[in-house]
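Peer 1: Any chance you could fold what I've pasted below:
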Amino acid sequence: MQGEITIYTDVAASGNPGPGGYGVVLIYGKHRLEKAGGFRLTTNNRMELLAVICGLEALKIPGSKVVVYTDSRYVSEAVNQGWLFQWEKNGFKKKKNPDLWKRFLEIYREHKVRIVWIKGHANNTENERCDRLAVEASAGSNLAEDTGYTEAREN
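Peer 2: Numbers count the residues shown, from 1 in each chain. Here you go, the predicted model:
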């Protein structure tokens, strides 16, 4: 029987919009995986959502039982309050980040996911590690383009 996988996420943003990054720590028993990415122009909410997506996309076994710890109310409340599913029914009309929400829903539905909000910068070791990963990623010299953000700005 497979045990529970724990995912922690955090982000960094210099300006909103501005350069940004995400950090993710996945823990399963004795196994640990750290992921991070940075973008030259994005928003903090896009990074919060992308951090969770990247954590979930790193899972190898469909149907995994997962707890995601995030300090993002944007993500946690959208899921836990059921708003996201109403947005989906309405075709994400007048909602920001539909590209990422659709990507999130696809991977979210492959697993048994529980999203837990935690207070950021409250001495949670793994959340603090994610913060360091995100800060380093956002300060990188070769930042990627967040095409979902730049395309939405152009429309």
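Peer 1: Looking at the residue lying closest to Tyr28 once chain neighbours are set aside now. What's its pLDDT?
Peer 2: Once flanking residues are discounted, Tyr28 sits nearest to Ile5: 4.7 Å by Cβ to Cβ, 6 or more residues apart in numbering. To be clear about C-beta, it is placed using only N, CA and C from the backbone, and glycine gets the same treatment. Note for Ile5: predicted pLDDT of 98.
Peer 1: And Asn80, by the same measure?
Peer 2: What the model reports as pLDDT for Asn80 is 98.
Peer 1: Could you do Met1 as well?
Peer 2: Looking at Met1, its pLDDT is 48.
Peer 1: can you tell me the average pLDDT over stretch 120-139?
Peer 2: pLDDT averaged over stretch 120-139 gives 94.
Peer 1: Quick check: which ranges of the chain have low pLDDT?
Peer 2: Confidence mapping of the chain against pLDDT under 70 gives the ranges 1.
Peer 1: can we see that at 80?
Peer 2: By pLDDT under 80, the weakly predicted segments of the chain are 1-2, 154-155.
Peer 1: quick revisit: got the contact list for the residue nearest to Tyr28?
Peer 2: 26-28, 59, 64-67 (Cβ atoms under 8 Å, 6 or more residues apart in numbering).
Peer 1: repeat for Ser64
Peer 2: Taking Cβ under 8 Å, 6+ apart as the contact definition, Ser64 lies against 2, 5, 111-112.
Peer 1: before we move on, the earlier item: please, a PyMOL command that selects the buried ones among the contacts of Ile5?
Peer 2: Command for PyMOL that selects the buried part of those, burial taken from 16 or more other Cβ atoms under 10 Å:
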select buried, resi 26+27+28+59+64+66
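Peer 1: Closest one of the contacts of Ile5 to Ala36?
Peer 2: Leu26 (12.1 Å; Cβ to Cβ).
Peer 1: Among the contacts of Ser64, which are located in strands?
Peer 2: 5, 112 (DSSP state E).
Peer 1: would JSON lines of the contacts of Ser64 with distance to Ala144 be doable?
Peer 2: Below are the contacts of Ser64 laid out as JSON lines (distance: Cβ to Cβ, whole Å):
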{"residue": "Gln2", "distance to Ala144": "32"}
{"residue": "Ile5", "distance to Ala144": "26"}
{"residue": "His111", "distance to Ala144": "26"}
{"residue": "Lys112", "distance to Ala144": "30"}
